[in-house]
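Peer 1: give me the fold of what follows.
(one chain, ligands or ions: 1)
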Amino acid sequence: MHVVLLAAQSLDGRITKRGLAGDAFTSAADKAHFRATLRECDACVMGAATYEENKERLRPDRLPGLRRVVRTRNPETRAAETVAGVLEFSSETPTEIVARLRADGRQRCALLGGGQTNGEFLKAGLIDEVCVTVESWIFQSGTPLSSDVGVEVALELLEARVLAAGGPVLLRYAVKK
Ligand SMILES: NC(=O)c1ccc[n+]([C@@H]2O[C@H](COP(=O)([O-])OP(=O)(O)OC[C@H]3O[C@@H](n4cnc5c(N)ncnc54)[C@H](OP(=O)(O)O)[C@@H]3O)[C@@H](O)[C@H]2O)c1
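Peer 2: Have a look, this model is predicted:
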């Protein structure tokens, strides 16, 4: 299973803008790119904080073929929200989640963040591709693309594409293993 970290960030690597939701600063072009990329995936993983802010657009009746796994330390408190095969809450490690999705035959998994979750997956060496839209902002504060988990990850650029006039730039990298 191919795991793609999918995110939008400011030029200085922030995926949130001071206290606002993660997509508050993203361009229409990035939102379209996000939707198109997610349609190509049959699984996605995110942290509970990201899920809380994106519940509506990740509603189980949208893209029902997309298996969603939300990482939380307290999955038992989310039992009522669970939809078998479509939306689940898990306290497993990233390695366990990826192994389970792979065993379920999933081919392409989007890692949707946020920073804590991205950090844990990077640390575990589970990410194959990083697909980041750089929006034309400098924020100086906000959630970083990855929390500091003490690893350095070497990348190889696969694609650089301007998504719209004025600048959202899509950067796609393979993770060197
Ligand atoms: N611009 C973008 O592309 C983008 C993308 C994604 C997210 N975002 C934004 O980023 C922000 C969230 O990022 P974040 O880094 O604060 O949080 P996050 O990674 O989305 O989620 C953190 C949560 O994951 C759970 N978690 C953490 N460690 C765990 C562990 N060892 N085992 C099980 N569960 C664990 C905890 O949930 P519990 O508290 O339930 O235990 C924790 O609160 C949001 O504002 C979101 O909108 C932006």
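Peer 1: around the ligand, pick out the residues from this protein.
Peer 2: Listed as neighbours of the ligand in the chain under the rule CB under 6 Å from any ligand atom: 7-8, 15-16, 21-22, 46-50, 53, 71-74, 91, 112-117, 143. C-betas here are computed from N, CA, C, even on glycine.
Peer 1: and the helix ranked longest in the chain, which residues are buried?
Peer 2: Of all the elements of type helix in the chain, the one with the most residues (DSSP state H) is helix 28-39. Residues of helix 28-39 classed as buried by neighbour count (16 or more other CB atoms under 10 Å): Ala29, Asp30, His33, Phe34, Leu38.
Peer 1: tell me the first helix or strand C-terminal of that helix.
Peer 2: Sequence-wise, the next helix or strand downstream of helix 28-39 (DSSP states H and E) is strand 43-47.
Peer 1: before we move on, the earlier item: okay, and which of the residues of the chain next to the ligand map to helices?
Peer 2: Per DSSP H, the residues of the chain next to the ligand map to helices at Ala48, Ala49, Thr50, Glu53, Gly115, Gln116, Thr117.
Peer 1: quick check: pLDDT value at the closest residue to Cys44 other than its chain neighbours.
Peer 2: For Cys44, ignoring the flanking residues on the chain, the nearest one in space by CB to CB, 6 or more residues apart in numbering is Ala110 at 4.3 Å. With respect to pLDDT, Ala110 scores 98.
Peer 1: same for the longest helix of the chain, what does it pack against?
Peer 2: Contact analysis of helix 28-39 by 3 or more CB pairs under 8 Å, 6 or more residues apart in numbering; DSSP states H and E lists strand 2-9, strand 129-134 as its packing neighbours.
Peer 1: any chance of CSV for those, columns mean pLDDT and mean neighbour count?
Peer 2: Formatted as CSV, the helices and strands packed on helix 28-39 follow (pLDDT from 0 to 100; neighbours: other CB atoms under 10 Å):
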stretch, mean pLDDT, mean neighbour count
strand 2-9, 98, 22
strand 129-134, 98, 21
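Peer 1: would JSON lines of those with distance to Gly166 be doable?
Peer 2: Converted to JSON lines, those look like this (distance: least, CB to CB, whole Å):
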{"stretch": "strand 2-9", "distance to Gly166": "15"}
{"stretch": "strand 129-134", "distance to Gly166": "12"}
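Peer 1: strands of this protein, residue ranges please.
Peer 2: Using DSSP state E, the strands found in the chain span residues 2-9, 43-47, 67-71, 87-90, 108-111, 129-134, 155-162, 169-175.
Peer 1: so which of the ones you listed is nearest Arg78?
Peer 2: With distances scored as CB to CB, the stretch of the strands of the chain nearest to Arg78 is strand 87-90 (3.9 Å).
Peer 1: middle-most residue in this structure, spatially?
Peer 2: Leu112 (1.4 Å; CA atoms, centre = their mean).
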